[in-house]
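Q: Sequence first, then the predicted structure, then my questions.
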Amino acid sequence: MRVLLVMPSMDNGYWQKLGKKVGPKSEPLSLAYMGAMLKRHGHEVKILDCEALDYSFNDVENYLNQNEFDVFGIAMLTIMYSQTITLSNIIKKIYPQAKIIVGGPHPSAHGNAKEILEKENVIDYAVIGEAEKTFAELLDVIEEEKETYEELSKIEGIAFRNKNNVLITKPRATVKELDEFPIPDRSLLDMKLYRPSVSYYRKLPAYIILTSRGCGYRCTFCSKVFDKEFRFHSPDRVIEEMKILIEDYGAKEIVFRDDTFTMRFDWTKEVCEKIIEEGLNNKIKWSCMTRVSLVTPELLKLMKEAGCWGIHFGVESGSQRLLDMIKKDVTIKQIKNAFKWCREAGIETRAFMMLGLPTETRDESLKTIQFAKELDADWAQFTITTPYPGTELYDQAMELGELHGPKDWDNYQTWSGFSDHELVWTPKGRKSDELKELQRRALFEFYFRPKVILRKITNISNIALLKKYVLGAMALASGGNGRPVE
Ligand code: B12
């Protein structure tokens, strides 16, 4: 079948002109993974990345008129809700017979798939959870024109309509051996269009790789897209994918976008050793994300030798009380150690901080901003706590705070300090405007310090780096017109 996989535009009002130059244009690896699998099953696949191509709805309409498709798959993050529905209406106008299937973090969160099919007639199916196998099975049924209750109910992990009811089938277990999935097919993407956000790279082209899925930790704010079981690609497969990026796409840098790159020390060590053995560390540099409790001075030394220039840590708060409250399972001491060890190993650090956590007081917010400065992180990001569906925080939202306005998924944005709308949620006793002001203040206070500016200037080793710092500063100075980095 002829399948079009669509990544909607992220432009839902916040992402402004200047920001488009600074923010990430990130490869939709979810669609590239799925594309590879569907091709393996004999389907013809294309990907339309509206965000990367900067496509308006008119552009999409023109594209659809010039091509032929039988089935459409649309990726859906929570804040892409209305984009997805508008795109689906455009598709159905041009292809009234085509099937539209949605999947991704939003439909996968508890209850959402049902809600989507009940509300949005234009959507035919929702896939819940890991989709490579599910999507392929669903396509078989559609291709053989067997969309009956009997056949559809055999497919695990979907939502479909049966007469006037929406039915959810049995959950699909995740695949244990990730190497079973083919390497994401990046030939379906125009790779020249992509780049991470400013603090994720030093040299372009820089491309992302995902080496694992799942997470065994229990942070209450995190959307668990897959199950809790951590699964990873083999080190050989990681090296193979790195080589493709270097040889076929000229990558100068790689960003490991896994939630926790050092989840298993033995695995991380093996990957680093293989990178060194193959001499890839002389060709590229890389960065990754992990937890402060999962690094040691020895591991960091090896990572540096293997080409790691930066690590992003989820610090979240400067208050132990709040860290415990959100079940982060780390201590202030572990945070301080991780940042100190990185500096000793010559690895740059980035701290992800959260403002407006449940029960957080204004003093604790200020303490969090101060803590990021004390840590001497090279980069910091301050996002506003947002209760995404599928998180523990979502279930606690009413008890621990207040939801504002009618439910509008488009506003579930962690950068709302830079938007016009009220925050979707605030902890009890805190006001939307106060938290929004704190988010802007945190960024200014962190970056506009002589020490940080001087460090950035002395770090400039190439024109690309200079350009990225200028863009970053412009985004901050634009006082809200800049598209914030992810
Ligand atoms: C890379 C990444 C980004 C990138 C790029 C996203 C992209 N273009 O794909 C960037 C930097 C742009 C980004 C931005 C944001 N992100 Co983000 N991001 C990720 C990250 C780290 C990896 C995504 C990924 O590729 N995963 C691997 C693939 C294989 O998994 P997957 O995406 O879930 O896809 C599988 C299934 O969900 C499903 N599926 C996915 N799409 C589709 C489509 C169809 C048709 C079907 C059938 C199935 C299907 O099948 C896939 C294969 O099994 C995830 C965390 C994570 N570990 O997944 C967060 C994550 C997706 N991001 C998240 C969030 C909150 C954001 C932001 C809103 C944060 C912010 N700044 O406010 C923004 C949103 C930007 C926007 N305007 O939309 C949340 C989503 C929560 C939610 N309910 O929407 C996640 C899950 C993080 C988390 N744990 O909380 N993100």
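A: Okay, I see it.
Q: Tell me who's in contact with Arg237.
A: Shown in contact with Arg237 (C-beta atoms under 8 Å, 6 or more residues apart in numbering): Leu178, Asp179, Ile183. For the C-beta atoms, the positions are set from N, CA and C on the backbone; glycine is no exception.
Q: Go over the secondary structure and confirm Val3 is in a strand.
A: Yes - checked against DSSP: H, G, I helix; E, B strand; the rest coil, Val3 lies within a strand.
Q: What parts of the protein come near the ligand?
A: Counting by C-beta under 6 Å from any ligand atom, the positions of the chain adjacent to the ligand are 7, 10, 24, 26, 28-30, 33-34, 73-75, 77-80, 101-106, 108-109, 127, 130-132, 135, 210, 222-223, 225, 257, 259, 388, 413-415, 486.
Q: Grab the nearest non-local neighbour of the residue in the stretch 301-450 of the chain that the ligand sits nearest to.
A: Taking C-beta to the nearest ligand atom, the ligand has its nearest neighbour within the stretch 301-450 of the chain at Thr414, 3.6 Å off. Nearest residue to Thr414 in three dimensions, chain neighbours excluded: Thr383, at 3.7 Å (C-beta to C-beta, 6 or more residues apart in numbering).
Q: can you count the residues close to the closest residue to the ligand within the stretch 51-200 of the chain?
A: Per C-beta to the nearest ligand atom, Gly103 is where the stretch 51-200 of the chain lies closest to the ligand, at 2.1 Å. Using other C-beta atoms under 10 Å, Gly103 is surrounded by 28 other residues.
Q: can you pull the contacts of it?
A: With C-beta under 8 Å, 6+ apart, Gly103 has these contacts: Gly73, Ile74, Ala75, Met76, Ala126, Val127, Ile128, Ala131, Phe135.
Q: hmm, back to that, if you go by neighbour count, which of the residues of the chain next to the ligand are buried?
A: 7, 10, 24, 26, 28-30, 33-34, 73-75, 77-80, 101-106, 108-109, 127, 130-132, 135, 210, 222-223, 225, 257, 259, 388, 413-415 (16 or more other C-beta atoms under 10 Å).
Q: among the residues you listed, which are in helices?
A: Among these, the members found in helices (DSSP state H) are Leu29, Ser30, Tyr33, Met34, Pro105, His106, Ser108, Glu132, Phe135.
Q: And the pLDDT for the second one?
A: The per-residue pLDDT reported for Ser30 equals 96.
Q: Which of the ones in helices among the buried ones among the residues of the chain next to the ligand lies at the shortest distance from Gly314?
A: For those, the closest approach to Gly314 (C-beta to C-beta) belongs to Pro105, at 17.4 Å.
Q: quick one: pLDDT of Lys373?
A: pLDDT, Lys373: 95.
Q: on that earlier part again, name the member of the contacts of Arg237 with the most neighbours.
A: Among the contacts of Arg237, Leu178 has the most neighbours (other C-beta under 10 Å), with 18 neighbours.
Q: That one touches His233, doesn't it?
A: Yes - at 4.8 Å, Leu178 and His233 qualify as touching, with contact defined as C-beta atoms under 8 Å.
Q: Now do the shared contacts for these two.
A: Common neighbours of Leu178 and His233 (C-beta under 8 Å, 6+ apart) are Ser212.
Q: What are the structural domain limits within this structure?
A: Domain segmentation of the chain under automatic domain parsing yields 2-168, 195-477.
Q: Let me know the helix or strand that Arg455 is in.
A: Arg455 is part of helix 450-459, with elements assigned from DSSP states H and E.
Q: Also Ala113?
A: Applying DSSP H and E as the criterion places Ala113 in helix 112-119.
Q: residues in contact with Glu399?
A: Listed by C-beta under 8 Å, 6+ apart, the contact set of Glu399 is empty.
Q: Can you check the pLDDT for it?
A: If you check Glu399, the pLDDT there is 93.
Q: Distance-wise, check it relative to Pro387.
A: Taking C-beta to C-beta, to the nearest Å as the criterion, Glu399 is separated from Pro387 by 11 Å.
Q: Could you check how many residues crowd around the nearest residue in space to Pro171 that is not next to it in sequence?
A: Using C-beta to C-beta, 6+ apart and skipping the chain neighbours, the partner closest in space to Pro171 is Gly157 (6.1 Å). For Gly157, the neighbour count with other C-beta under 10 Å is 25.
Q: so Gly157 makes contact with Thr169?
A: Yes - applying C-beta under 8 Å as the test, Gly157 and Thr169 come out as touching, 6.5 Å apart.
Q: Now do the strands in the stretch 301-450 of the chain.
A: 308-316, 348-355, 379-384, 401-403, 425-427 (DSSP state E, counting those that start in this stretch).
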